[in-house]
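>>> Test case, fold it:
(2 chains)
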There are 2 protein chains.
Amino acid sequence: MKEISHTSPSKIVLLVIDGVGGLPHAETGKTELESARKPNLNHIAKRSLCGLIDPVSPGITPGSAPGHLAIFGYDPVKYNIGRGVLEALGIDLELKPDDIAARGNFCTIDDRGIIIDRRAGRLSTDKNTELCRLLNDIAINGAEISVVAVKEHRFVLILRGEGLSPELADSDPQRTGLAPRKIEALSPQAQRTAEIANEFVSQASSRLKDEAPANMVLMRGFSRRPNMPSIPEIYKLKPAAIAAYPMYRGLASLVGMRVLPAGESIIEQMNNLHRYYADHDFFFIHFKSTDARGEDGNFQAKVQAIEELDNALPDLLSLDPEVLVITGDHSTPATLAMHSWHPVPFVLKSKWCRPDNVVEFSERACLAGGMGRFPATEIMPLAMANALKLDKFGA
Amino acid sequence: MKEISHTSPSKIVLLVIDGVGGLPHAETGKTELESARKPNLNHIAKRSLCGLIDPVSPGITPGSAPGHLAIFGYDPVKYNIGRGVLEALGIDLELKPDDIAARGNFCTIDDRGIIIDRRAGRLSTDKNTELCRLLNDIAINGAEISVVAVKEHRFVLILRGEGLSPELADSDPQRTGLAPRKIEALSPQAQRTAEIANEFVSQASSRLKDEAPANMVLMRGFSRRPNMPSIPEIYKLKPAAIAAYPMYRGLASLVGMRVLPAGESIIEQMNNLHRYYADHDFFFIHFKSTDARGEDGNFQAKVQAIEELDNALPDLLSLDPEVLVITGDHSTPATLAMHSWHPVPFVLKSKWCRPDNVVEFSERACLAGGMGRFPATEIMPLAMANALKLDKFGA
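Residues are numbered from 1 along each chain as shown, chains lettered A, B, ... in the order given. This is a model prediction of the structure:
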């Protein structure tokens, strides 16, 4: 792609409706998309190229990171982002390329050192912040230590220093009734980092010993930012993200997008798209509430979220971008109340797409689309081609 | 494939309608194929297995070489054919496996050595031929030099000798206002070849210095025939090509096909198919004018080219080959007036194909075909299977 991509004035807008795919309601037999009043999505589908994407591959339920990375054109298995890094992105922490991030839990151990609550009674975020301040003072030779509160019992540990390695096993045994594990190096070059991490846990344990229920920490997902080529490098684009949630902003920034102000609602997101439209040639817009309502198991609320999104579309269409892609990072059927493996409706509108016979934006309708079922990693080449930003391959 | 292919008397005919896929006309909403009267293509589609091929992958616009190699069963990214080799194939030059071929332009430089016209005013082919004779006398230690005129400002340089390497950068900076570049070796083992190539350019420059506007040469696409297994080796076929244009004959010969006389028209091509039908078990027939009219941007002329091809089909069907495959190497929508990334209609007729519900040979109709969208590299195994030339895989 690097060799055949070129810059041009045409604009690509990628709208990700998080968790948009669904399953039929037991009573109506219709999915959330099939139940929603969505004249704008249908209007777009009618004039466009439709299909269904597999974010990772059939049967695989993607987390938000692989779902988005695939849509951004990255092999989601090759570029698997560690739990620690994801947690840091989720609170807008900026990671340097060599920083090691780990996800931490405050937990409760009994007097024999056995874990009796992995979440320390889900302590308050205020208490969490206070305890993180305590741990932030820990000093260890060879690494700068930084402990940042997330929410309830969750925090992020950042280790910064020369020659550190993320190849460490978890201390969190993921169940009660066991003692926290010693952090093991998974390769010889991680030996020193393992010592530093264990020293951190040991000092944390001393400082927390009188803080029951949060008298210990559990560490997992030691990881580093993946070393991946950026979207500007690969596609010669000047990309920007309009996403309200930190984790999506973090993912966007990982792949080289400029993070623009988003606001709280899809209306504000559209306002910001208009405001910055001249400055970029690629926009990633992230709409969250479809996924949130799906995870709540609230079918009707997810239908309403789709309708809210649909209402905002005329404002987007008024910009008439050369290429508009609308899809989701995975399905979140309200009946399952969680992310799922089902393929996700996709539509691409451009002057140069070959329209198919689809007249509705929904799971069943998109099946008959011109793309059929296809891997999400093919979206970027397709969008680039339709924006006439790709040279011919081979003579 | 090598292990499960066997020879048998059954015949496979592969008809490539160059650039056949299209896009809807703004007024009618119909593509070139949908607009054409094509009773024979429709008749075949009705009784056959249909689908749409991706020559390289979604979004990628193939040049003619990758488009054809994919149809012939080769990974078009792995076997990327260099510009120099393709240019040589295009004038029926026979390349030995170790020959280095490069594409040359006669160009105009000013008295400071800056390129002011990359094509030397598109000089006449006669003048080109005269200048190539001048350059053909150049003698350099370590390589036999051969310079052959192509057309207007274009020529082919062949370097033949022991231990030469094609890993050379271009001297052509691909724009005016710069001096031609020194040819750099891209690997240590190409050092001597780089010296030879630069010596060629230097001697060419001396001989051309009074020949304005064609007073310099620009070289690009140094390459060698790819080292690829042939169709007879892989499929145990005895293949032949009936193609009127040299580049396609060259590609066919690269993969081990015998190049048969073609004639100028599809009628003559069919005559030659009849004449040589007993001698081979695989025939590649190349029909060019659909692509040419598409590149002209002439929608109606492309429709007529499709109708001309359709008229010739009864003559092909009268031979009743065990397997008939009809497809294209890429789309060339007249509305775009260039090769494009859109998938290409495909039909396979055989006694043993499983027919689907498609009753028309067109982009939208083939979408509903039994193969759906699929990579062009799967055509050869399918054709072999339908010709009952493949053994069972595994016990």
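>>> Give me the pLDDT value at the residue in the stretch 51-200 of chain A positioned nearest to chain B.
Residue nearest to chain B within the stretch 51-200 of chain A: A:Gly51 (8.9 Å; CB to the nearest CB). For the C-beta atoms, the positions are set from N, CA and C on the backbone; glycine is no exception. pLDDT for A:Gly51: 98.
>>> Am I right that it sits in a helix?
No - counting by DSSP: H, G, I helix; E, B strand; the rest coil, A:Gly51 is not part of a helix but strand.
>>> OK, contacts around the nearest residue to it once chain neighbours are set aside?
The spatial neighbour of A:Gly51 that comes closest, neighbours along the chain excluded (CB to CB, 6 or more residues apart in numbering or on different chains), is A:Met371 at 2.8 Å. By CB atoms under 8 Å, 6 or more residues apart in numbering or on different chains, the residues touching A:Met371 are A:49-52, A:346, A:348, A:382, B:58, B:373.
>>> what about 7 Å?
A:49-51, A:346, B:373 (CB atoms under 7 Å, 6 or more residues apart in numbering or on different chains).
>>> Tell me the residues on chain A that lie near chain B, please.
Contact residues (CB under 7 Å from any CB of the partner chain) of chain A with chain B: A:352, A:354-357, A:370-372, A:374, A:378, A:381-382, A:384-385, A:390, A:392-395.
>>> Please check those and keep the buried ones.
A:352, A:354-356, A:370-372, A:374, A:378, A:381-382, A:384-385, A:390, A:392-395 (16 or more other CB atoms under 10 Å in any protein chain shown).
>>> In space, what's closest to whatever residue of the stretch 251-395 of chain A ends up closest to chain B - neighbours in sequence excluded?
Residue of the stretch 251-395 of chain A nearest chain B, by CB to the nearest CB: A:Pro381 (3.0 Å). The shortest distance from A:Pro381 to any non-neighbouring residue, by CB to CB, 6+ apart, is to B:Gly59 (3.0 Å).
>>> what's across from A:Ser146 in the sheet?
Beta-bridge partners of A:Ser146, counted by DSSP bridges, are A:Ile158.
>>> Near it, how many residues? Count them for me, please.
18 (other CB atoms under 10 Å in any protein chain shown).
>>> What's the first helix or strand after the strand of greatest length in chain A?
Ranked by number of residues, the top strand in chain A under DSSP state E is strand A:100-109. Following strand A:100-109 in sequence order, the next helix or strand is strand A:115-117 (DSSP states H and E).
>>> packing partners for the helix or strand following that next one?
The first helix or strand that comes after strand A:115-117 along the chain, using DSSP H and E, is helix A:125-136. Judged by 3 or more CB pairs under 7 Å, 6 or more residues apart in numbering or on different chains; DSSP states H and E, helix A:125-136 is in contact with strand A:144-151, helix A:191-208.
>>> circling back to that earlier point, which residues touch the residue of the stretch 51-200 of chain A closest to chain B?
A:Gly51 touches A:346, A:366, A:369-374, counting by CB under 7 Å, 6+ apart.
>>> beta partners of it?
A:Phe346.
>>> how near is it to B:Thr61?
Separation of A:Gly51 from B:Thr61 (CB to CB, to the nearest Å): 19 Å.
>>> for A:Leu52, same thing?
Distance from A:Leu52 to B:Thr61, by CB to CB: 24 Å.
>>> can you pull out the strands in the stretch 151-300 of chain A?
A:154-160, A:216-223, A:239-243, A:258-259, A:282-287 (DSSP state E, counting those that start in this stretch).
>>> Including mean neighbour count and mean pLDDT, could those strands go into TSV?
Converted to TSV, the strands of the stretch 151-300 of chain A look like this (neighbours: other CB atoms under 10 Å in any protein chain shown; pLDDT from 0 to 100):
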stretch	mean neighbour count	mean pLDDT
strand A:154-160	22	96
strand A:216-223	24	96
strand A:239-243	24	97
strand A:258-259	16	94
strand A:282-287	26	98
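>>> okay, and for chain A, where does confidence drop off?
Along chain A, the model assigns pLDDT under 70 to no residue.
>>> Can you spell out the domain ranges of it, please?
As given by automatic domain parsing, the domain ranges for chain A are A:12-81+A:228-386, A:85-223.
>>> Now stretch A:52-61: buried residues?
A:52-56, A:61.
>>> for stretch A:263-271, same thing?
A:266, A:269-271.
>>> Which ones among those residues lie within helices?
Among the buried residues of stretch A:263-271, the members falling in helices (DSSP state H) are A:266, A:269-271.
>>> For B:Glu199, state which of those is nearest.
A:Gln269 (61.4 Å; CB to CB).
>>> Relative to A:Leu134, which of the ones in helices among the buried residues of stretch A:263-271 is nearest.
A:Gln269 (38.4 Å).
>>> any idea how far A:Lys38 is from chain B?
Distance, A:Lys38 to chain B, by CB to the nearest CB, to the nearest Å: 24 Å.
>>> Secondary structure class of the nearest residue to that residue once chain neighbours are set aside, three-state.
Spatial nearest neighbour of A:Lys38, chain neighbours left out: A:Asp310 (4.1 Å); criterion: CB to CB, 6+ apart. Secondary structure, three-state DSSP: A:Asp310 is helix.
>>> Likewise for the one 10 residues further on?
Assigned by three-state DSSP, the conformation of A:Asp320 is coil.
>>> what sits against the residue of the stretch 1-150 of chain A found nearest chain B?
Residue of the stretch 1-150 of chain A nearest chain B, by CB to the nearest CB: A:Ile4 (7.7 Å). Applying CB under 7 Å, 6+ apart to A:Ile4 gives the contacts A:390-391, A:393.
>>> and if you look at A:Ala243?
Per CB under 7 Å, 6+ apart, neighbours of A:Ala243: A:249, A:252, A:262, A:286.
>>> one more time with 8 Å
So A:Ala243 contacts A:249, A:252, A:259, A:262, A:284-286 (CB under 8 Å, 6+ apart).
>>> now do A:Ala179
Per CB under 8 Å, 6+ apart, neighbours of A:Ala179: A:109, A:112-115, A:173.
>>> I'd like to know which of those residues are buried.
A:109, A:115.
>>> Kindly confirm my reading that A:Glu87 is in a helix.
Yes - when three-state DSSP is applied, A:Glu87 is found to be in a helix.
>>> can you pull the contacts of the nearest residue to it once chain neighbours are set aside?
In space, and not counting its chain neighbours, A:Glu87 is closest to A:Arg103: 4.5 Å by CB to CB, 6+ apart. Counting by CB under 8 Å, 6+ apart, A:Arg103 touches A:83-84, A:87, A:154-157, A:219-221.
>>> again, only using 7 Å
A:83-84, A:87, A:154, A:156, A:220-221.
>>> Need the winner for burial among the domains of chain A.
A comparison of those by mean neighbour count, using mean count of other CB atoms under 10 Å in any protein chain shown, puts domain A:12-81+A:228-386 on top with a mean of 21.
>>> Start and end of that one, how far apart?
Terminal residues of domain A:12-81+A:228-386 lie 9 Å apart, using CA to CA, to the nearest Å.
>>> Now do that domain: distance to the chain's middle.
Taking CA atoms, centre = their mean, to the nearest Å, one finds domain A:12-81+A:228-386 lying 12 Å from the centre of the chain it belongs to.
>>> Please apply the same query to stretch A:113-133.
That offset, for stretch A:113-133, works out to 26 Å (CA atoms, centre = their mean).
>>> could you dump it to PDB, C-alpha only?
Output in PDB follows, covering the C-alpha atoms of stretch A:113-133 (Å, rounded to 0.1, in the frame of the first residue of the first chain):
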ATOM      1  CA  GLY A 113      -1.400 -13.700  51.900                       C
ATOM      2  CA  ILE A 114      -4.200 -15.400  50.100                       C
ATOM      3  CA  ILE A 115      -6.400 -13.300  47.800                       C
ATOM      4  CA  ILE A 116      -9.900 -13.100  49.200                       C
ATOM      5  CA  ASP A 117     -11.300 -10.200  46.900                       C
ATOM      6  CA  ARG A 118      -9.600  -9.400  43.500                       C
ATOM      7  CA  ARG A 119     -11.300  -6.000  43.500                       C
ATOM      8  CA  ALA A 120     -10.900  -4.900  47.100                       C
ATOM      9  CA  GLY A 121     -14.700  -4.400  47.300                       C
ATOM     10  CA  ARG A 122     -14.600  -2.200  44.300                       C
ATOM     11  CA  LEU A 123     -13.300   0.700  46.300                       C
ATOM     12  CA  SER A 124     -14.300   4.300  45.400                       C
ATOM     13  CA  THR A 125     -12.300   6.100  42.700                       C
ATOM     14  CA  ASP A 126     -11.400   8.700  45.300                       C
ATOM     15  CA  LYS A 127      -9.900   6.200  47.600                       C
ATOM     16  CA  ASN A 128      -8.100   4.700  44.500                       C
ATOM     17  CA  THR A 129      -6.600   8.100  43.700                       C
ATOM     18  CA  GLU A 130      -5.400   8.500  47.300                       C
ATOM     19  CA  LEU A 131      -3.700   5.000  47.300                       C
ATOM     20  CA  CYS A 132      -2.100   5.700  43.900                       C
ATOM     21  CA  ARG A 133      -0.500   8.800  45.400                       C
END
